[in-house]
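>>> Here is my input; please provide its structure:
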Amino acid sequence: MFAGSGIIHLVRPDTFASGMPRLIPDRHHKNLIYLSGVAELICAGGLLRQTSWGGPASAALLIGVFPVHIQMTLDAGSGRNPGLADKPAVAWGRMPLQIPMIWAALQARPERAGGTL
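So this is what the prediction gives:
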(Lines give C-alpha, C1' and ligand atoms only; values in the text may rest on other atoms or scores of the structure.)
Protein backbone atom coordinates (compact mmCIF):
# COMPACT_ATOMS: atom_id res chain seq x y z
CA MET A 1 0.00 0.00 0.00
CA PHE A 2 2.82 2.41 0.85
CA ALA A 3 4.59 1.74 -2.45
CA GLY A 4 1.49 2.40 -4.55
CA SER A 5 0.54 5.52 -2.65
CA GLY A 6 4.13 6.79 -2.71
CA ILE A 7 4.28 6.46 -6.48
CA ILE A 8 0.97 8.29 -6.90
CA HIS A 9 2.23 11.08 -4.62
CA LEU A 10 5.19 11.58 -6.96
CA VAL A 11 3.39 11.13 -10.28
CA ARG A 12 0.07 12.86 -9.52
CA PRO A 13 0.66 15.17 -6.54
CA ASP A 14 -2.45 17.25 -7.28
CA THR A 15 -4.54 14.23 -6.27
CA PHE A 16 -3.52 14.88 -2.66
CA ALA A 17 -3.58 18.69 -2.65
CA SER A 18 -7.20 18.94 -1.54
CA GLY A 19 -6.46 17.08 1.67
CA MET A 20 -3.77 19.42 2.87
CA PRO A 21 -4.79 21.08 6.14
CA ARG A 22 -5.60 24.72 5.52
CA LEU A 23 -3.17 25.78 8.26
CA ILE A 24 -0.32 24.85 5.92
CA PRO A 25 0.37 27.62 3.37
CA ASP A 26 -0.43 26.66 -0.24
CA ARG A 27 3.16 27.30 -1.33
CA HIS A 28 4.29 24.30 0.77
CA HIS A 29 1.66 21.80 -0.38
CA LYS A 30 3.43 20.27 -3.38
CA ASN A 31 6.77 19.90 -1.57
CA LEU A 32 5.07 18.20 1.39
CA ILE A 33 3.19 15.88 -0.96
CA TYR A 34 6.45 14.90 -2.69
CA LEU A 35 8.16 14.47 0.69
CA SER A 36 5.40 12.22 1.99
CA GLY A 37 5.56 10.18 -1.24
CA VAL A 38 9.30 9.63 -0.79
CA ALA A 39 8.71 8.75 2.87
CA GLU A 40 6.07 6.20 1.85
CA LEU A 41 8.47 4.58 -0.61
CA ILE A 42 11.19 4.42 2.05
CA CYS A 43 8.72 2.87 4.51
CA ALA A 44 7.61 0.37 1.88
CA GLY A 45 11.24 -0.65 1.39
CA GLY A 46 11.76 -0.97 5.15
CA LEU A 47 8.65 -3.14 5.52
CA LEU A 48 9.55 -5.34 2.55
CA ARG A 49 13.09 -5.87 3.85
CA GLN A 50 11.75 -6.39 7.39
CA THR A 51 14.13 -3.85 8.86
CA SER A 52 14.00 -2.88 12.52
CA TRP A 53 12.92 0.67 11.59
CA GLY A 54 10.34 -0.15 8.88
CA GLY A 55 7.37 -0.74 11.18
CA PRO A 56 7.94 2.17 13.57
CA ALA A 57 8.68 4.55 10.68
CA SER A 58 5.51 3.43 8.91
CA ALA A 59 3.43 3.93 12.05
CA ALA A 60 4.96 7.39 12.53
CA LEU A 61 4.16 8.28 8.93
CA LEU A 62 0.55 7.15 9.33
CA ILE A 63 0.23 9.27 12.47
CA GLY A 64 1.94 12.20 10.73
CA VAL A 65 -0.48 12.26 7.81
CA PHE A 66 -3.54 11.78 10.04
CA PRO A 67 -4.36 15.53 9.87
CA VAL A 68 -4.78 15.11 6.09
CA HIS A 69 -7.35 12.37 6.67
CA ILE A 70 -9.15 14.57 9.19
CA GLN A 71 -9.24 17.48 6.72
CA MET A 72 -10.54 15.27 3.90
CA THR A 73 -13.20 13.81 6.19
CA LEU A 74 -14.36 17.24 7.31
CA ASP A 75 -14.47 18.39 3.67
CA ALA A 76 -16.32 15.29 2.42
CA GLY A 77 -19.40 16.20 0.42
CA SER A 78 -18.14 19.70 -0.34
CA GLY A 79 -16.78 18.87 -3.79
CA ARG A 80 -13.26 19.74 -2.62
CA ASN A 81 -11.99 16.14 -2.53
CA PRO A 82 -11.41 14.08 -5.69
CA GLY A 83 -13.53 11.03 -6.49
CA LEU A 84 -14.67 8.67 -3.76
CA ALA A 85 -12.92 10.71 -1.08
CA ASP A 86 -15.67 13.30 -1.46
CA LYS A 87 -18.33 10.82 -0.36
CA PRO A 88 -18.99 11.33 3.38
CA ALA A 89 -19.61 7.60 3.99
CA VAL A 90 -16.25 6.72 2.42
CA ALA A 91 -14.38 9.50 4.20
CA TRP A 92 -15.83 8.72 7.63
CA GLY A 93 -15.62 4.97 7.04
CA ARG A 94 -11.89 5.00 6.41
CA MET A 95 -11.04 6.96 9.55
CA PRO A 96 -11.30 3.95 11.90
CA LEU A 97 -9.09 1.97 9.48
CA GLN A 98 -6.14 4.12 10.47
CA ILE A 99 -5.96 2.39 13.86
CA PRO A 100 -5.45 -1.19 12.56
CA MET A 101 -3.04 0.14 9.93
CA ILE A 102 -0.89 1.74 12.63
CA TRP A 103 -1.14 -1.42 14.73
CA ALA A 104 -0.13 -3.59 11.75
CA ALA A 105 2.85 -1.35 11.03
CA LEU A 106 4.01 -1.68 14.62
CA GLN A 107 3.71 -5.47 14.38
CA ALA A 108 6.03 -5.55 11.37
CA ARG A 109 9.26 -6.08 13.28
CA PRO A 110 12.02 -8.56 12.42
CA GLU A 111 11.62 -10.51 15.68
CA ARG A 112 7.89 -10.96 14.88
CA ALA A 113 8.37 -11.85 11.22
CA GLY A 114 11.45 -14.00 11.61
CA GLY A 115 13.52 -11.59 9.50
CA THR A 116 16.95 -10.18 10.13
CA LEU A 117 18.29 -6.68 10.46
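
>>> where's G46, which helix or strand?
Applying DSSP states H and E as the criterion places G46 in helix 26-48.

>>> Other residues contacting that helix?
2-3, 5-10, 13, 16-17, 20, 24, 53-55, 57-58, 61, 64-65, 105, 108 (Cβ atoms under 8 Å, 6 or more residues apart in numbering). All C-beta spots, glycine's among them, are computed from the backbone N, C-alpha and C.

>>> hmm, which of those residues are the buried ones?
Restricting the contacts of helix 26-48 to buried positions leaves 2, 5-6, 9, 13, 16, 20, 54-55, 57-58, 61, 65, 105, 108, with burial counted as 16 or more other Cβ atoms under 10 Å.

>>> Pull out the buried positions in stretch 73-85.
73, 75-76, 81, 85.

>>> what do you get for stretch 24-40?
29, 32-33, 36-37, 39-40.

>>> so how far is it from its chain's centroid?
Averaging C-alpha positions (Cα atoms, centre = their mean, to the nearest Å) puts stretch 24-40 12 Å from its chain's average.

>>> Would you mind measuring from L47 to L10?
Distance from L47 to L10, counting by Cβ to Cβ, to the nearest Å: 18 Å.

>>> likewise A17?
Taking Cβ to Cβ, one finds A17 at 14 Å from L10.

>>> Where does the prediction get shaky in the protein?
111-117 (pLDDT under 70).

>>> can you give me the helices for it?
For the chain, applying DSSP state H gives helices covering 2-11, 14-17, 26-48, 54-64, 66-75, 88-94, 98-107, 110-113.

>>> which residues make contact with the second one from outside it?
This points to helix 14-17. So helix 14-17 is contacted by 8-9, 29-30, 33, 36, 68, 82 (Cβ under 8 Å, 6+ apart).

>>> Ok, the first one next?
Under the criterion Cβ under 8 Å, 6+ apart, residues 15-16, 33-34, 36-41, 43-44, 47, 58, 61 lie in contact with helix 2-11.

>>> Perfect, I'm done here.
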